[in-house]
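1. 3D model of this:
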Amino acid sequence: MRVFYAGIILFAAVMFAAFEAKAVPAGSLEASGISISPAVIEVTAKQGETVETEVMLRNVSEEEQVVEMRVKDFERHGNQIVFLEEPGDPKFSVAAWAEVTPGGPIRLPPNKWVTARVVVRVPRDAEVGEHVAAVNVRTVQPKEKVQGTGMGVHTSLSVAFYVKVTDPQGNMNVVRDWKLNWVKGARWNGGRYVLSLSNTGNVHLVSEGKLKIYDWLNNETVEEPLLYTNFLPGVTKELVVEWKNPKRLGYFQAEIEVTLDGGERYERYRTWFVRVPNTVVLAVVLTFVLVFLSIQLYVRRLKKRMLEELEQVRSRE
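-> You can find the predicted model right below:
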């Protein structure tokens, strides 16, 4: 988990253009004329304590640049990182604890380092453990325009920000424990499942996973992601995972893979289901009814004919 988050570098543009970031000396990261140091920020604080750390910014271009620096929470959806515009739960949200100074635009003269500070005020009831957010630096004014579009490109650079929270005695007893209580889903026209999950540890956990469906008739496999959801300690929630574009006819096998501890342990649930359109079912029922009525009519006619023949035999005698 830590290796993954430490490598987060994002460049956002109006056109969602991506640029490559490169490491530079002294533990910095550089992209499109801006450097940030350190490349990974780490602080340790006790519950109820306030700590401060420095972030160095450098404009390596020949023109002044104006940037804003913010601390943002983020969520990991599969292999994608989604930054949150608003802080999360104050018990474990680094963005809710952090304050950047200066709070407004920061002017970066050419080829000079500028010092900014991040003050972290950890609440007394903060969750013990290691929490991660991102320190994001973004240009306020577009540095350049995309040729032929008239649209300005903004540079955005982010580094991982770890905050390790201990109890007042400096201890960090973290228990990441959880359980899958049950899974419910229909075998007839299935593809929708409800999972009951419980956080039995002492820190918040996040659900991750997927629904994998194998189509026996076409030898195809599709996957649907499980909803990214926070679980506070002692909380039980029900999550729904559903096949978004199900096929109308076939026999399928389903496998649900879920974790609440970042992949340290997975629980898997396997089942099967069939899908038959209601129109097909109705057609089969109608066909059966018609065949049944036809047989009944044939039997009655045959019985009547036999009785008539029997009467004719008796009249001849």
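2. got the residue ranges for the helices in the stretch 51-200 of the chain?
-> Using DSSP state H, counting those that start in this stretch, the helices assigned to the stretch 51-200 of the chain run over residues 94-97.
3. the stretch 201-317 of the chain now?
-> Counting by DSSP H, counting those that start in this stretch, the stretch 201-317 of the chain has helices at residues 278-316.
4. where does pLDDT dip in it?
-> Low-confidence segments of the stretch 201-317 of the chain, defined by pLDDT under 70: 278-284, 317.
5. do the same with the stretch 1-150 of the chain
-> Within the stretch 1-150 of the chain, the segments meeting pLDDT under 70 span 1-26, 78-79, 141-150.
6. where do the strands sit along it?
-> Ranges of strands in the stretch 1-150 of the chain, per DSSP state E, counting those that start in this stretch, are 22-24, 28-31, 34-37, 40-46, 50-59, 65-72, 74-77, 80-83, 98-101, 106-108, 113-121, 129-139, 144-146.
7. identify each buried residue in the fifth one, please.
-> Neighbour counts using 16 or more other Cβ atoms under 10 Å place 53, 55, 57-59 of strand 50-59 among the buried residues. C-beta: built from backbone N, CA, C; applies to glycine.
8. please apply the same query to the longest one.
-> Buried residues in strand 129-139, counted by 16+ other Cβ under 10 Å: 129, 131-139.
9. closest to Val163 out of those residues?
-> Each of these was checked against Val163 using Cβ to Cβ; the closest is His131, at 4.9 Å.
10. contacting residues for that closest one?
-> By Cβ atoms under 8 Å, 6 or more residues apart in numbering, the contact set of His131 is 92-94, 162-165.
11. try it again at 6 Å.
-> Counting by Cβ atoms under 6 Å, 6 or more residues apart in numbering, His131 touches 92, 94, 163.
12. same check, this time on Leu249
-> Leu249 makes contact with Arg275 under the criterion Cβ under 6 Å, 6+ apart.
13. got the domain boundaries for the protein?
-> Following automatic domain parsing, one finds the domains of the chain at 2-166, 178-275, 282-317.
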